[in-house]
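**Q** Here is a sequence together with a model predicted from it:
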Amino acid sequence: MSQSKVKWALTLSLVDLILLTGMFMLGYWVRHFLLAPVMGSDFRLSGFHYLASGTVLGVVQIALMSIFGAYRREFGLGKVEEVAAILRAAFMGTVITFAITFLTRQLFFSRFVLLFALPFGAVCVSSWHTLYRRLSRSLARRRGRPKRVVMYGTGPLARELAEYMTSRAQLHYSVEGFVAPVSSPAEEVVTPTLDSTDWADWMERNGIRDLVVADQSLSRDEQAAVLLQCEQRGFSYRMAADLYTMVSLTSRLVNMAGNTMVESVPPPLDTTGRILKRTCDVLGSGLLMLLLSPFFPLFAALIVLESPGGVFYLQTRLGKNNIPFHIVKFRSMKTGAHGERHKLRDRNESTGPLFKMKTDPRVTHVGRFMRRWSLDELPQLYNVLVGEMSLVGPRPPLPEEVNEYSRRDFKRLRTVPGITGVWQVSGRSELGFEEMVKLDLFYVDNWSIWLDLAILLLTVPAIFSGEGAY
């Protein structure tokens, strides 16, 4: 492990330990001081013993976070995967502690303290990791110390990756040049373009140690030559594998007789995963509808006062397996707005089949406020309760959008659509159609309950930030 990676993990883990121990001690204060008149003041252990226990639990959780990959420097889905790893470690740490307590029949500390520290510790650690990444990226920008890379390729994929790495990646990258491959001619002029014969010497002379192979049409011989150059010179490399076009089943890489093979596996939302997700949807949507029901009459009154018409807006969307259903929203546009969409098509600010406008003239003042805070989507909890949607999942598309789908895009419809999802917590309308599809396909192939919990947790700051909400 490089020195920078060690420094990165050490800084994160030390502050994690302080935060986790601090939340444990805060739980101790809440239980034995703030709530003592209600819950009783049973002081079996002193504050010092709680401090020692909290420190040990913090170390255990940090070890679990390391096992689950929370200290990687970069994630494919950014903060979503990182928060999922943190939540998983927090839950497993709590389960292990309860198991030890049960087996040894020893009550080391109040169970309330442990249950208090579980959610608050996870939130604090997640917030700290996000802040540290932002500070590190900002500091790298100010100091002019980016991670310098060269792209091997000049086509759309190379340009797409270069744009992402320089604008939205978790690390601060600087793309120093593009190598024009020998076996696939340049589709478009990019600057600077390096000679395909001496790119390795150029990287050596300029102190660049990272190569991204971003051309999936390279010949086998050229691929082998590029990777051999990297290995001989000690360059780190990443290669964009041509697996994105494989949409029939979830797949993984396996080894057989020294050969790397792609093997199909059942998607994670089959059988047990589907039952677990549905159970969480029913409980979560039912509870949220109960808690939010007092506010619904207020929203209804505001909508009708500004724009006469119905309170709710029913729109046909396509759900799992391309089955249509009526999505329920609070009406945020004037009556008959959908019929005027064709007049505004030339003002569309999104890409692909999506239609998005930052200043859509059909949106009412109350509707704009509700969209800003995602309040118009609350009635979709009914869709979740009846099984047409999930709390977390891909965005439910319009039929006219699906008419423009490619074969690959249809994989989004293999799972139940959601109120929130990876797309919503990664920029919402600021992202184009292609990026939305890729994020949704990653979710479909890599679903876990921890991924859902992470997305739900990150939905709250996404709503308050207002990023892409229009």
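**A** Received the coordinates, thanks. Numbers count the residues shown, from 1 in each chain.
**Q** Please identify the buried residues of the helix or strand where Ala63 lies?
**A** Per DSSP states H and E: Ala63 is located in helix 47-67. Using 16 or more other C-beta atoms under 10 Å as the test for burial, helix 47-67 gives 50, 53-55, 57-62, 64-66. The C-beta positions use only the backbone N, C-alpha and C, and glycine is treated the same way.
**Q** which secondary element of this protein has the worst mean pLDDT?
**A** strand 250-256 (a mean of 70; mean pLDDT, DSSP states H and E).
**Q** Just the CA trace of the very next helix or strand once past it, in PDB.
**A** Reading on from strand 250-256 to the C-terminus, the next helix or strand found by DSSP H and E is strand 259-265. This file holds the C-alpha atoms of strand 259-265, laid out as PDB (Å, rounded to 0.1, in the frame of the first residue of the first chain):
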ATOM      1  CA  ASN A 259      -8.500 -18.200 -17.800                       C
ATOM      2  CA  THR A 260     -10.700 -15.300 -16.800                       C
ATOM      3  CA  MET A 261     -14.400 -16.000 -17.700                       C
ATOM      4  CA  VAL A 262     -17.700 -14.100 -17.400                       C
ATOM      5  CA  GLU A 263     -20.300 -16.200 -15.500                       C
ATOM      6  CA  SER A 264     -24.000 -15.400 -15.200                       C
ATOM      7  CA  VAL A 265     -25.500 -15.400 -11.700                       C
END
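**Q** Identify the neighbouring strands of strand 259-265 in the sheet and state each direction.
**A** Its sheet considered, strand 259-265 pairs with strand 250-256 (antiparallel) by DSSP bridges.
**Q** quick one on the thing from earlier: report the angle between the helix or strand just after the helix holding Ala63 and helix 47-67.
**A** Next helix or strand after helix 47-67 toward the C-terminus (DSSP H and E): helix 79-104. Going by axes from the mean of the first three to the mean of the last three C-alpha atoms, to 10 degrees, helix 79-104 is angled at 130 degrees with respect to helix 47-67.
**Q** contacting residues around Arg134?
**A** Listed by C-beta atoms under 8 Å, 6 or more residues apart in numbering, Arg134 has no contact partners.
**Q** where's it, which helix or strand?
**A** Per DSSP H and E: helix 111-143 holds Arg134.
**Q** what's the angle from that helix to helix 47-67?
**A** Counting by the same axes, to 10 degrees, helix 111-143 lies at 50 degrees to helix 47-67.
**Q** before we move on, back to that, just checking the distance from the helix holding Ala63 to the centre of its chain.
**A** Put simply, helix 47-67 sits 27 Å off its chain's centre (C-alpha atoms, centre = their mean, to the nearest Å).
**Q** helices and strands around it, which ones?
**A** Applying 3 or more C-beta pairs under 8 Å, 6 or more residues apart in numbering; DSSP states H and E, one finds that helix 47-67 makes contact with helix 3-29, helix 79-104, helix 111-143.
**Q** Show me the one of the ones you listed that comes nearest Ala241.
**A** Among those, helix 79-104 comes nearest to Ala241, with 18.5 Å by C-beta to C-beta.
**Q** how about stretch 25-38: buried residues?
**A** In stretch 25-38, counting by 16+ other C-beta under 10 Å, buried: 25-28, 30-32.
**Q** for those residues, which one is nearest Val311?
**A** Val30 (41.5 Å).
**Q** Contact partners for the closest one?
**A** Contacts of Val30 (C-beta under 8 Å, 6+ apart): 112-113, 116.
**Q** Just the pLDDT for it.
**A** pLDDT, Val30: 90.
**Q** List the contacts of stretch 280-295.
**A** 378, 381-382, 384-385, 387, 390-391, 449, 452.
**Q** How is this protein divided into domains?
**A** By the assignment in automatic domain parsing, the chain contains the domains 3-142, 146-242, 272-465.
**Q** Now for Phe112: which residues touch it?
**A** 27, 30-31, 35, 39.
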